[in-house]
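Student: just to be clear, the model below is a prediction. Sequence and coordinates:
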Amino acid sequence: MKFVRRKPTLWLGIAALLTIPLLAAAQVNDLDMRLPMDIDADNTTIDGKNSMIIFNGLRLTQGRVSIQADEGRAKRMELEDSTWHFTGNVVIDIGAGHIECDSAELRFDEFRLKQAIVTGSPAVYDLNRPGTEEVTHAEAGRLDYNVDGGVIEFSDQATITEGGNQISSNVLVYNIAEQRINADSTGEEDGRVRITYTPVNGIEPDES
């Protein structure tokens with residue numbers, strides 16, 4: 001029996017990173033925003049002049065969604081057609097995804113999440129990949145997720161790490177449907193696209 005050493009390629013590492021938006025999209029599409037919403041807050045203010053509800057020390061849960069923030073604001077409680085703003089030590093858990101950021105804006109229409117804008121210094125996104133113990137880790141100053149367009153844009157010193165593989169750039173754009181990633185640089189030395197790929201030097205048997 002002969003043993004053949006696998007020849008790892010850079011593109012295998014990049015292909016592994018491309019699974020991130022597919023998993024994230026599946027989680028979002030599976031959510032039912034019509035489930036009962038539980039809100040626990042230190043105090044609540046109703047701003048009638050601006051038609052705004054303000055929660056301080058907010059802890060919100062709805063189905064598989066959990067959000068904590070120093071402050072949460074919304075013009076409507078229902079998620080049928082509303083925009084929620086969260087600021088200060090924001091923590092969002094959606095299924096296997098975990099986000100920590102300074103602020104987040106979630107826009108809903110007909111009980112569906114349409115757009116999410118997350119900012120931080122940096123904002124951190126961790127995804128526990130189903131069926132494995134691996135965690136995909138992403139950091140960026142800003143994350144824009146256009147749900148209907150199927151595009152996730154990480155910007156402002158974006159870095160995505162999975163295992164020993166890492167890709168970083170000023171802007172990383174994922175097209176979910178096309179399973180394509182675009183990495184753009186600023187042209188400056190500290191804004192260039194950088195890829196680190198750690199080869200897997202495993203050995204597998206050749207049965208031929």
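Tutor: Sure thing, it's come through. Residues are numbered from 1 along each chain as shown.
Student: how about the helices in the chain?
Tutor: All helices of the chain, identified by DSSP state H, fall at 10-17, 19-29.
Student: okay, the top strand by length along the chain in PDB with CA atoms only?
Tutor: Secondary structure assigned by DSSP state E gives strand 112-128 as the longest strand of the chain. Provided in PDB are the C-alpha atoms of strand 112-128 (Å, rounded to 0.1, in the frame of the first residue of the first chain):
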ATOM      1  CA  ARG A 112     -38.300  39.600   7.800                       C
ATOM      2  CA  LEU A 113     -34.800  41.000   8.500                       C
ATOM      3  CA  LYS A 114     -34.000  43.100   5.400                       C
ATOM      4  CA  GLN A 115     -30.700  44.800   6.400                       C
ATOM      5  CA  ALA A 116     -28.300  44.700   9.300                       C
ATOM      6  CA  ILE A 117     -25.600  47.300   9.900                       C
ATOM      7  CA  VAL A 118     -23.000  46.600  12.700                       C
ATOM      8  CA  THR A 119     -20.200  48.800  13.800                       C
ATOM      9  CA  GLY A 120     -17.500  48.500  16.400                       C
ATOM     10  CA  SER A 121     -13.800  49.100  17.200                       C
ATOM     11  CA  PRO A 122     -13.800  46.400  16.000                       C
ATOM     12  CA  ALA A 123     -17.100  44.600  15.700                       C
ATOM     13  CA  VAL A 124     -16.500  40.800  16.300                       C
ATOM     14  CA  TYR A 125     -18.500  38.000  14.700                       C
ATOM     15  CA  ASP A 126     -18.000  34.400  15.700                       C
ATOM     16  CA  LEU A 127     -19.700  31.400  14.000                       C
ATOM     17  CA  ASN A 128     -19.700  27.900  15.400                       C
END
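Student: who does that strand touch, helix- and strand-wise?
Tutor: helix 19-29, strand 97-109, strand 135-146 (3 or more C-beta pairs under 8 Å, 6 or more residues apart in numbering; DSSP states H and E). Where C-beta positions appear, they are placed from N, C-alpha and C, glycine not excepted.
Student: list the buried residues for that strand?
Tutor: 112-120, 122-125, 127 (16 or more other C-beta atoms under 10 Å).
Student: for it, report the contacting residues that lie outside it.
Tutor: 20, 23-24, 28, 31, 33, 90, 92, 96-108, 134-148, 156-157 (C-beta atoms under 8 Å, 6 or more residues apart in numbering).
Student: can you list the strands that that strand pairs with?
Tutor: strand 97-109 (antiparallel), strand 135-146 (antiparallel) (DSSP bridges).
Student: distance of Glu80 from Ala41?
Tutor: 21 Å (C-beta to C-beta, to the nearest Å).
Student: who has more neighbours, those two?
Tutor: Ala41 (17 against 13; other C-beta atoms under 10 Å).
Student: what is the neighbour count of the closest residue to that one other than its chain neighbours?
Tutor: What sits nearest to Ala41 in space, not counting adjacent residues and going by C-beta to C-beta, 6 or more residues apart in numbering, is Phe55, at 4.1 Å. Phe55 has 22 neighbouring residues, counting by other C-beta under 10 Å.
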